[in-house]
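In: Let me see the structure of the following:
(one chain, ligands or ions: 1)
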Amino acid sequence: MYAMVVDHVGERERLHRVDLPDPEVLPGQVVVDVKAVGCNFSDLLMVEGKYQLKPPLPFSPGTEVAGVVRAVGEGVGDIRPGQRVVAMLDWGGYASVVAAPAAFVVPLPDSMPYEVGAAFGVAYQTAYLALTHRAALQAGEVLLVHGAAGGVGLAAVDVGCALGARVFGTAGSLQKCEVVMQHGAEACFQVDAEDWVQAVNRASNGRGADVIYDPVGGTTFDRSLRCIAWCGRLVVIGFASGDIPRLPMNRVLLKNISVVGLNLGAYKAQEPATLVRSLEALFRLYERGVLRPEISASLELERANEAMALIRERKSVGKVVLIP
Ligand SMILES: NC(=O)c1ccc[n+]([C@@H]2O[C@H](COP(=O)([O-])OP(=O)(O)OC[C@H]3O[C@@H](n4cnc5c(N)ncnc54)[C@H](OP(=O)(O)O)[C@@H]3O)[C@@H](O)[C@H]2O)c1
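Out: Coordinates of the predicted model:
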């Protein structure tokens, strides 16, 4: 097997290929021949040493893969060799073979290609758990999604539409906004070129957005406080802008709002059953044709540095996938 690894962490660090012995099949684990790897913003953060998890060096980033089960360890009952699956990992996914705990290996729907399987979980589980569990989004409510053409953003547009919300988005360019609208958003505003605060207030008859989903942070978060509705819910997803905002508590009080967080990775330890159930529910929605994962680039695994650059430079729409 081989993996793309870093020997050091830092902004200029680059991944390189190493050939390794195949992983052993340990009790409770599943070994998967990887067919596709999903790339995420957190892979960048991990390689740069800015992520909450700091793996021992050298390491391979990558938290989600799709592939075929090669072997199962002692005590694994419901997964069998030859089965098509996705695996959720802490890291180590930029590899041609991985070992994963059976608890976080889930059968892939027959209709879902490996590339889509690898690009699906992190984005859609983040969107689904944020909008249902954390924000309690209701049909007919107004949802504003920031970074709406990104991985977790476009997934939130899909999930918001599936839940019957009126969805609005912000994105960095007209082309990105067009994709967001193709996914069912009522309108998408160019984040730096349009007064989206006023536009959202106007579109909601002055009420503002009931739910705001924010993977960007910085000034986008600050401005969101000016177009959130009475009793609105603002879900903190991430800080792609690199700027962790501060919250003026008077705004929370004045509009009766809730500011809530969503940490997908922490569900593994805190609520593993919820995590797995959310993926199964999302697979059912996918099979009904309700969710339309978008993959803007699919590259060979050895081109992992190019994949990371696409995300870093805001050139991707939806997801980027690597193929071993
Ligand atoms: N809380 C969780 O559990 C969880 C789970 C997954 C991801 N996240 C976080 O969510 C954020 C987005 O992740 P993702 O996988 O969707 O990433 P992504 O696909 O790269 O999308 C990020 C989006 O943020 C926007 N953005 C605005 N300012 C940016 C800047 N200065 N640099 C880069 N992007 C900028 C970009 O949109 P425009 O170019 O259109 O402006 C881009 O499309 C990250 O912070 C990630 O760590 C959190």
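
In: What is the burial count for Ala99?
Out: Number of residues near Ala99 (other Cβ atoms under 10 Å) recorded here: 20. Using the backbone N, CA and C atoms, a C-beta is placed for each residue, glycine as well.

In: buried sites along stretch 36-46?
Out: Ala36, Val37, Gly38, Cys39, Asn40, Phe41, Ser42, Asp43, Leu44, Leu45, Met46 (16 or more other Cβ atoms under 10 Å).

In: what's downstream of the lengthiest strand in the chain, the next helix or strand?
Out: Counting residues, the longest strand in the chain under DSSP state E turns out to be strand 29-39. Per DSSP states H and E, strand 29-39 leads on to helix 41-47 as the next helix or strand towards the C-terminus.

In: What's the mean pLDDT across that following helix?
Out: Averaged over helix 41-47, pLDDT sits at 97.

In: what does stretch 15-35 give?
Out: Here stretch 15-35 scores 97 as its mean pLDDT.

In: Quick one: residues contacting the residue in the stretch 1-150 of the chain that the ligand sits nearest to.
Out: Per Cβ to the nearest ligand atom, Gly150 is where the stretch 1-150 of the chain lies closest to the ligand, at 2.2 Å. Neighbouring residues of Gly150 by Cβ atoms under 8 Å, 6 or more residues apart in numbering: Phe41, Pro215, Ala240, Ser316, Val317, Gly318.

In: From Ile295, how far out is Cys319?
Out: That one is not Cys; residue 319 is Lys. In this structure, Lys319 lies at 5 Å from Ile295, with Cβ to Cβ, to the nearest Å as the measure.

In: For burial, what's the neighbour tally of the closest residue to the ligand within the stretch 201-324 of the chain?
Out: Nearest residue of the stretch 201-324 of the chain to the ligand: Gly238, at 2.6 Å (Cβ to the nearest ligand atom). Using other Cβ under 10 Å, Gly238 is surrounded by 21 other residues.

In: Tell me the confidence at the closest residue to it other than its chain neighbours?
Out: Spatially, and ignoring its direct neighbours in sequence, Gly238 is nearest to Pro215 (4.3 Å; Cβ to Cβ, 6 or more residues apart in numbering). Note on Pro215: pLDDT of 98.

In: Hmm, Ala149 and Pro215 touching each other?
Out: No. Using Cβ atoms under 8 Å, Pro215 is not in contact with Ala149, being 11.1 Å away.

In: What is the burial count for the closest residue in space to Glu306 that isn't next to it in sequence?
Out: Excluding its sequence neighbours, the residue lying closest to Glu306 (Cβ to Cβ, 6+ apart) is Leu299, at 5.9 Å. Residues lying near Leu299 (other Cβ under 10 Å) number 17.

In: Identify the spatial nearest neighbour of Phe120, chain neighbours not counted.
Out: Pro293 (5.5 Å).

In: How about the contacts made by that neighbour?
Out: Contacts of Pro293 by Cβ under 8 Å, 6+ apart are Val116, Ala119, Phe120, Ala123, Tyr124, Ala155, Asp158, Tyr286, Gly318, Lys319.

In: Please narrow the residues you listed to those residing in helices.
Out: If you go by DSSP state H, those have Val116, Ala119, Phe120, Ala123, Tyr124, Ala155, Asp158, Tyr286 in helices.

In: Tell me where the stretch 151-300 of the chain has strands.
Out: In the stretch 151-300 of the chain, the strands defined using DSSP state E, counting those that start in this stretch lie at 166-171, 187-190, 209-214, 228-236, 258-261, 295-300.

In: Can I get the ones you listed in JSON lines including distance to the ligand?
Out: Output for these, formatted as JSON lines (distance: least, Cβ to the nearest ligand atom, whole Å):
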{"stretch": "strand 166-171", "distance to the ligand": "4"}
{"stretch": "strand 187-190", "distance to the ligand": "9"}
{"stretch": "strand 209-214", "distance to the ligand": "9"}
{"stretch": "strand 228-236", "distance to the ligand": "8"}
{"stretch": "strand 258-261", "distance to the ligand": "7"}
{"stretch": "strand 295-300", "distance to the ligand": "9"}
